[in-house]
Every structure is written in structure tokens, then in C-alpha cells.
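> coordinates for the following, if possible.
(chains A and B)
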Amino acid sequence: ETGVTQTPRHLVMGMTNKKSLKCEQHLGHNAMYWYKQSAKKPLELMFVYSLEERVENNSVPSRFSPECPNSSHLFLHLHTLQPEDSALYLCASSPGTAYGYTFGSGTRLTVV
Amino acid sequence: GESVGLHLPTLSVQEGDNSIINCAYSNSASDYFIWYKQESGKGPQFIIDIRSNMDKRQGQRVTVLLNKTVKHLSLQIAATQPGDSAVYFCAENMDSSYKLIFGSGTRLLVRP
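Numbers count the residues shown, from 1 in each chain, chains lettered A, B, ... in the order given. Alright, predicted model coming up:
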């Protein structure tokens, strides 16, 4: 729909599980992002990749590990999460700096 | 216990009326601004943007106004329709970086 596809749409995981979120963009953009959207806070930037290199890393716990194998794909690997990590995880892409993002529909994550 | 979420300001308008959603941004160095719309179960969707060398920009049924003196941004929606019901976010970009900083959002409810 938007050109940014996220899978899965919903994920329930236990605190000891390992899972991965996937994002793919078909827009030819150079930059990709992970944002966290929770009920308690505004949209929080987690990671930024430009041409497969991480360019920003906001103080994110190490239990979240990003991977960008190429400019069209972005992963977020999850390990030993906490219940407070339950949120909507949004992937976005942009042509570069000072451009609006195109967001995917998000993965609704519940940690039990 | 029950989680306490963000208290989103809510604007309720009659269908057919004009809506004005306001946003105060945080950094006087910000030079690029965007409005996003987020419907339930979806990611944020780009509506309109404006750069700091402009004070007004119009799109289809939407107008964004920028007042740099008081660091204020507004989104005007003409002839509001039920499909406009959503949460609206403003976002600011500083110094042509990759990072967009999002506001906490305003919920728009359109009464039939």
C-alpha cells in the first residue's frame, strides 16, 4: 500500500523468546528507520540507517538489535524483551535527510 | 495495574466545518516541518510539509501555516469529512538531519 511493508503485523512473544521484525521498502529510498510508538510516549526514534550504515543510535537497550543487509531491507531482532517493550514498532523510509518519511503499517508487539 | 496512556488533546468538529490543528515545536533551528495523519491500525501517513523559508503552503483541502517567531505550526482542513477522523502529528527536522521529532498528537473527531 504505502511502499513500505512490515511483517508480521502482530506478534506475541514471551520474555525469553527471540524474534525478528522485518521491513521492506519498494520506493528506492536510501534511508530506513525504526520507531517505537507506545501508549505512554510520542513516537520515539530507535535506529536510522543510510545506505546500509547506521547513522543514528538513540539510547536503545541492547535487547533490540537492528540489521540492514541492503538499502531495501531492515530487520529488528528482539531478545529477552520486557513487558514494557510492548508497543507498535514502525518502520519508515525516506530519500535522504530533510524529507518526509513513508511509514509501514507497523508490527503490534505484545510481550508476555 | 492499568497503564496510563498519553492524554491526547481532542478536537471535535461538525462534518463540513473547517478544522484547525495546532502544534508548538521545540527548536528554533528546525527548518523542515511535516504533518502526518494516523488512522487506527495504520502507520502515520504524510499529509503536507513546509520548509522554513515559507510561511504557508496549500494542498488539496489542507493548508499548513508556519510562524517561526512563536515556533507554531498549524494544519487547516477545509470541509472536514468523516474520513478525516484520525490522530494528527506534527514533526520537525533540524539541520537537515535524518531525525524527525514528533509531537504527541491531536485526535480529530468528525461528527456527522
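
> can you give me the strands for chain A?
With strands called from DSSP state E, chain A shows them at A:4-7, A:10-13, A:18-25, A:31-37, A:44-50, A:53-57, A:64-70, A:73-79, A:87-94, A:102-103, A:107-111.

> figure out which of the ones you listed is closest to chain B.
strand A:102-103 (3.5 Å; Cβ to the nearest Cβ). Bear in mind the C-beta positions are built from the backbone N, C-alpha and C, glycine included.

> per-residue pLDDT, the nearest residue to A:Asn70 once chain neighbours are set aside?
Using Cβ to Cβ, 6 or more residues apart in numbering or on different chains and skipping the chain neighbours, the partner closest in space to A:Asn70 is A:Glu52 (6.1 Å). Reported pLDDT at A:Glu52 in the predicted model: 86.

> contact partners for A:Glu52?
A:Cys68, A:Pro69, A:Asn70, A:Ser71 (Cβ atoms under 8 Å, 6 or more residues apart in numbering or on different chains).

> repeat the analysis, applying 7 Å as the threshold.
Going by Cβ atoms under 7 Å, 6 or more residues apart in numbering or on different chains, A:Glu52 touches A:Cys68, A:Asn70, A:Ser71.

> other SSEs contacting the lowest-mean-pLDDT helix or strand in chain A?
Counting by mean pLDDT, DSSP states H and E, chain A has its least confident helix or strand at strand A:53-57, which shows a mean of 82. Contact analysis of strand A:53-57 by 3 or more Cβ pairs under 7 Å, 6 or more residues apart in numbering or on different chains; DSSP states H and E lists strand A:44-50 as its packing neighbours.

> hang on, the earlier thing: most neighbours among the contacts of A:Glu52, please name it.
The residue in those with the most neighbours, by other Cβ atoms under 10 Å in any protein chain shown, is A:Cys68 (21 neighbours).
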